[in-house]
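> Pasting the sequence and the predicted model now:
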Amino acid sequence: MPHATTKHTISGYAWGDVTLALTRAVANGDMARALRWSAELVCSELGLGRLEATLLHAWALHVGPAAPTWCAGWLAAVKQIRAFWQKSGGDTRSIRNTPLVRQLVAESVASLVLATKKPLPALPTAADCFREAESMRTRLRNGGGAGDQLATRRVWSAQHDGPDLKTVCNEMEAALRAIQANRVCFWIVWMITLDGQADAPVAKERGPSHLTPKQRKSLLWFLTAVLQEIMNDVQCMSVQDRTAMFELLGLAWTKLGTRGRRDVLVAIALTAVEHIQKRTSLQLTAATTLPALQAIRTATANIDKIYSIIAEEARQFMLEAPSIVGLTAEQAAATIATQKTRTVLSADDKMRLMFSLTPVQRS
């Protein structure tokens, strides 16, 4: 049967193309494409971890503060899917043919597509941080810094953490409490840039145990701890919702990559900024809610048909070698020779393949 690889999904699509298409579908509110590409990741052997990270990144990029409680629902779905994965012994076929797994993913994707959109603002770059570095040092030496902040002082450890961490997060926390969203984004990018330097300051391990020791010592975990402390301090959302947000970040940390981690941290910080702004303003605003359950059920009613389409495409990918653009004459000749010598499936093998990819019908 077809196997996903580090380059292709079960139907032969490139991983990057699938995750990008899913993210764009969420941004454009395209329900059909979002459900299709999320199902493609469910069917592929290496796709569940990418699906976790892709949906979280899509939330940060296009929804964020508009629906912060979505993270709690997606975390609950992720935990259930991981439990099924462990019980099945890592059998992708069992996972994709489990109706509950299909429904959990489809409902999470549908609620994300239907949620109110609030794209991330344009973020500063590392070049902006380097450009302001000298003037910032001068201001801090002259006593113009923000001073000690509550959350940073509680998180920072003099024994394990470098002094630069305290300085940067003091500035970030002061900007956040002053509702200066642009400066908050600037200091988060500063911390990310600092984390990538060879002479980055030391920090104690704060990441979850499933990460490597180097990942657990990332400076971004200090920033994450400060953000969590601030959100607890200002009572942003319920305890369950804000805990789920940070737990989901830890689960998807590796698959998110540098850009994904940056966007998620910025989205979390802006959620806290908006909460403080609403709390201190006289303007009345409606509470943030997820889409209606009936709309989600209507959107996911035909999810099994999507998996049947993927099964058809996977059979074609298996029985017909995909063409590769840009081959030289020598490479093309070698490819043709390989195709001529590859094993042809018998009728019985094709029938077994069909039944292995066909969704299980439940009465």
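Looks like it arrived, so ask away. Only a predicted model underlies this, so the values are computations on that prediction, with no experimental measurement involved.

> what sits up against stretch 283-302?
31, 35, 65-70, 73, 103, 106-107, 110-111, 113-116, 278 (CB atoms under 8 Å, 6 or more residues apart in numbering). All C-beta atoms are positioned from the backbone trio N, CA, C, and that covers glycine.

> With stretch 24-35 instead?
21-22, 37, 55, 58-59, 61-63, 106, 109-110, 112-114, 117, 119, 299-300, 303, 306.

> repeat for stretch 62-80
23, 26-27, 52, 55-56, 59, 100-101, 104-105, 107-108, 111-112, 115-120, 237, 240-241, 244-245, 247-248, 251, 267, 270-271, 273-274, 288-290.

> Just the buried ones from these?
Neighbour-count burial (16 or more other CB atoms under 10 Å) applied to the contacts of stretch 62-80 gives 23, 26-27, 52, 55-56, 59, 101, 104-105, 107-108, 111-112, 115, 117-118, 120, 237, 241, 244-245, 247-248, 251, 267, 270-271, 273-274, 288, 290.

> what mean pLDDT would you report for the helix or strand hosting residue 130?
Following DSSP states H and E, one finds residue 130 within helix 126-141. Per-region confidence: helix 126-141 scores 90 on mean pLDDT.

> burial measure for residue 347, as a count.
7 (other CB atoms under 10 Å).

> if we can go back for a sec, helices or strands next to the helix holding residue 130 in the packing?
helix 181-195 (3 or more CB pairs under 8 Å, 6 or more residues apart in numbering; DSSP states H and E).

> Low-confidence stretches in this structure?
Low-confidence segments of the chain, defined by pLDDT under 70: 1-6, 284, 286-287, 318-345, 349-363.

> measure the nearest residue to residue 140 once chain neighbours are set aside to residue 137 for me?
The shortest distance from residue 140 to any non-neighbouring residue, by CB to CB, 6 or more residues apart in numbering, is to residue 167 (6.7 Å). Computed as CB to CB, to the nearest Å, the residue 167 to residue 137 distance reads 10 Å.

> which of those two has more neighbours?
More crowded of residue 167 and residue 137, by other CB under 10 Å: residue 167, with 18 against 11.

> name the element the more buried one belongs to?
helix 163-177.

> centre of the chain versus that helix, how much separation?
Offset of helix 163-177 from its chain centre (CA atoms, centre = their mean, to the nearest Å): 25 Å.

> cool, stretch 267-280 as well?
For stretch 267-280, the separation from the chain centroid amounts to 21 Å (computed by CA atoms, centre = their mean).

> which residues touch it?
If you take CB under 8 Å, 6+ apart as the criterion, stretch 267-280 is touched by 59-61, 64-65, 68, 120, 172, 176-177, 179, 181, 184-185, 188, 227, 230-231, 234, 236-237, 245-246, 249, 285.
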